[in-house]
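# Predicted model, plus sequence, below.
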Number of protein chains: 2
Amino acid sequence: MDAQDADSASGFERVFAYLQERLLDGTLKQGERLMAERELAAQLGVSRPIVREALRALHVLGIVEIRERVGTIVKRPDASMLKDFFTLALAQQADLIDDVMEARIAIECQAVRLACERATIADFERLQRALIRIGETIDDADAGGAADFDFHRAIVLASRSPTLAVLHESMSTLLARSHRSRRELVQQFSSMKSYLIDDHKRVFDTIVARDPDRAEVTLRRHFAIGDEYRRRAVTGEGDRPETRSAQGA
Amino acid sequence: MDAQDADSASGFERVFAYLQERLLDGTLKQGERLMAERELAAQLGVSRPIVREALRALHVLGIVEIRERVGTIVKRPDASMLKDFFTLALAQQADLIDDVMEARIAIECQAVRLACERATIADFERLQRALIRIGETIDDADAGGAADFDFHRAIVLASRSPTLAVLHESMSTLLARSHRSRRELVQQFSSMKSYLIDDHKRVFDTIVARDPDRAEVTLRRHFAIGDEYRRRAVTGEGDRPETRSAQGA
DNA sequence: TTTTTCGTTCTGGTAAGACCAGTAGGATGA
DNA sequence: TCATCCTACTGGTCTTACCAGAACGAAAAA
């Protein structure tokens, strides 16, 4: 194994694996500076461009920060590269958009549960602000979409979970466009305005009530109704979707 | 903006942005080969090492495949790099492990719902095989952990969602170790054997019954009970956790 | 004509050396 | 003691060069 690591593996692999080990075994901790590129290259017996490839790799993974003329520093992991990934991945497989949407629902449903347990006053305030803006911007597709987005983001932030937040952000940025086009359905369905306002309000209320089960059910129905609107828009059916369980709220 | 892209941005940024654009606007499609490194370097006015840094970056993001002496090919996006990311990220912030676990629960709960709608016979068979193995390996921490892992993975696979599958895999690989240590609690709690066997069976039954709501509730309770076992192990309390809603199944 | 073989050409992988431009920190001078 | 300057060091980048294997077409053999 060691022999293979040292011999058969490519230079890049060796350097990357070396740094990975150092990061995993705690030799390199957050905030610390790595060896200089030249030093690293000499120590591992590779050329500097190879070392730079490995450092770039760690950089796009959000593990290190490369500061010009200063050095390479281990930073607090940042998953913003997920955004790049999802964006590029979706460009290749556009059909994944519904799939990603489902993953987003997964994240939000878990988030709303945690939010019920952990939300602070500040979180409630953020949610309420978003709620008010949704009402104010109901006739504006762009601003309305942004307000909608903010509300859902506020839910995830209220969950106080960095992982959920990062996953959600990387996906919702990507879904923003489709979200916006959905907002344009407001013109088609008169009932959609009240859906947008009242339904978000219902979700908000369940969080304030700190009722995880009801919060998730309400949020899930919120997504389902939105889907139904979209379906009707595609098939050209009339107004008022109201999934069969609308009496529950 | 263009001027800035061309002037102020570093060479790496330029190349990366250029390739990103090409991927987003569909100029580069899956399976296609990129320009040769030399050609790319000449066209963008940078040196080959810089181009290689950008290509490596796309490679670690799982967007392209670099085939030695053949070329760089746009491949089907592969999120396996998430595994690297989560692994390295967790090494820096070990306290994130509970946070990641919550995200995993989010994924599985959504997956089990979708599985109820979409699971095929093959999925049922895979689930059942895992179930049987859980019973067979109940006294073996290693094999038992693997069986447990397989069962949960089977749920996600049954959801037929690539995104959920990829997210789940990247997290569960990482959680495998903590999962395993949890399995060693089997020795401490006599009731845990039946928990492991019966509880998984209950989840399986709800999927077969294609009842999303009950499936999610059951799975959520499954996680809660596991957590409770772990809590008791830490605090040194006795046997039989049985969260207050155990009669529901 | 078909098949095999060979070799040129192109590709990525890597090394080595060099220059630039800021940074950091010690040495120097006020 | 403090402000200033200088120098070593760092990352950013380019250039040149060589290797080895893959691809592909031409030439030779069947």
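Structure's in. What do you need? Residues are numbered from 1 along each chain as shown, chains lettered A, B, ... in the order given.

# In terms of secondary structure, what does the strand or helix carrying residue A:122 contact?
According to DSSP states H and E, residue A:122 maps onto helix A:121-136. On a contact count with 3 or more Cβ pairs under 8 Å, 6 or more residues apart in numbering or on different chains; DSSP states H and E, helix A:121-136 meets helix A:141-158, helix A:191-208. Placement of C-beta: from N, CA and C, glycine included.

# what's the first one in contact with?
Defining contact as Cβ atoms under 8 Å, 6 or more residues apart in numbering or on different chains, one finds that helix A:141-158 is touched by A:107-108, A:111-112, A:114-115, A:118-120, A:123-124, A:126-127, A:129-131, A:133-134, A:136-138, A:164-165, A:168-169, A:172, A:176, A:179-180, A:183-184, A:186, A:196, A:200, A:203, A:207, A:219.

# Quickly note the distance from the residue lying closest to residue A:214 once chain neighbours are set aside to DNA strand D.
Leaving aside its chain neighbours, residue A:214 sits nearest to residue A:206 (4.7 Å; criterion: Cβ to Cβ, 6 or more residues apart in numbering or on different chains). Relative to DNA strand D, residue A:206 is positioned 48 Å away (Cβ to the nearest atom of the strand, to the nearest Å).

# what's residue A:206 in contact with, if anything?
By Cβ under 8 Å, 6+ apart, the contact list for residue A:206 reads A:112, A:116, A:214-215, A:218-219.

# rerun at 7 Å
By Cβ atoms under 7 Å, 6 or more residues apart in numbering or on different chains, the contact list for residue A:206 reads A:214-215, A:218.

# According to the record, where do the domains of chain A fall?
Segmentation of chain A into domains, based on automatic domain parsing, reads A:2-74, A:81-248.

# As TSV, those with mean pLDDT would be great.
TSV is the format used below for the domains of chain A (pLDDT from 0 to 100):
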stretch	mean pLDDT
domain A:2-74	83
domain A:81-248	85
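
# Include distance to residue B:25 when you put those domains into TSV, please.
As requested, those are arranged in TSV below (distance: least, Cβ to Cβ, whole Å):
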stretch	distance to residue B:25
domain A:2-74	21
domain A:81-248	8
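
# Determine which stretch of these is the most buried.
Of all the domains of chain A, domain A:81-248 carries the top mean neighbour count, a mean of 18, counting by mean count of other Cβ atoms under 10 Å in any protein chain shown.

# Wait, residue A:97 touches residue A:91, no?
No - applying Cβ atoms under 7 Å, one finds residue A:97 not in contact with residue A:91, separated by 10.7 Å.

# ok, and the closest non-adjacent residue to residue A:78?
Nearest non-adjacent residue to residue A:78, counting by Cβ to Cβ, 6+ apart: residue A:62, 3.9 Å away.

# measure the one you found to DNA strand D for me?
Distance of residue A:62 to DNA strand D, given as Cβ to the nearest atom of the strand: 16 Å.

# contacting residues around that residue?
Residues counted as contacts of residue A:62 (Cβ under 7 Å, 6+ apart) are A:77-81, B:85.

# Surely residue A:211 touches residue A:115?
No - Residue A:211 is beyond contact range of residue A:115, at 11.0 Å (criterion: Cβ under 7 Å).

# what's near enough to touch residue A:100?
A:86, A:90, A:171, A:174-175, B:163.

# Distance from the helix holding residue A:122 to the middle of the chain?
Centre-to-centre, helix A:121-136 and its host chain are 20 Å apart (Cα atoms, centre = their mean, to the nearest Å).

# Would you mind extracting the C-alpha trace of that helix into PDB?
Extracted C-alpha coordinates of helix A:121-136, given in PDB (Å, rounded to 0.1, in the frame of the first residue of the first chain):
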ATOM      1  CA  ILE A 121     -36.500  35.600  18.700                       C
ATOM      2  CA  ALA A 122     -34.200  36.900  16.000                       C
ATOM      3  CA  ASP A 123     -35.200  34.000  13.800                       C
ATOM      4  CA  PHE A 124     -38.900  34.700  14.400                       C
ATOM      5  CA  GLU A 125     -38.300  38.300  13.400                       C
ATOM      6  CA  ARG A 126     -36.500  37.300  10.300                       C
ATOM      7  CA  LEU A 127     -39.300  35.000   9.400                       C
ATOM      8  CA  GLN A 128     -41.900  37.700  10.000                       C
ATOM      9  CA  ARG A 129     -40.000  40.200   8.000                       C
ATOM     10  CA  ALA A 130     -39.900  37.800   5.100                       C
ATOM     11  CA  LEU A 131     -43.600  37.100   5.600                       C
ATOM     12  CA  ILE A 132     -44.500  40.800   5.400                       C
ATOM     13  CA  ARG A 133     -42.400  41.300   2.300                       C
ATOM     14  CA  ILE A 134     -44.200  38.400   0.700                       C
ATOM     15  CA  GLY A 135     -47.400  40.300   1.200                       C
ATOM     16  CA  GLU A 136     -46.000  43.600   0.000                       C
END
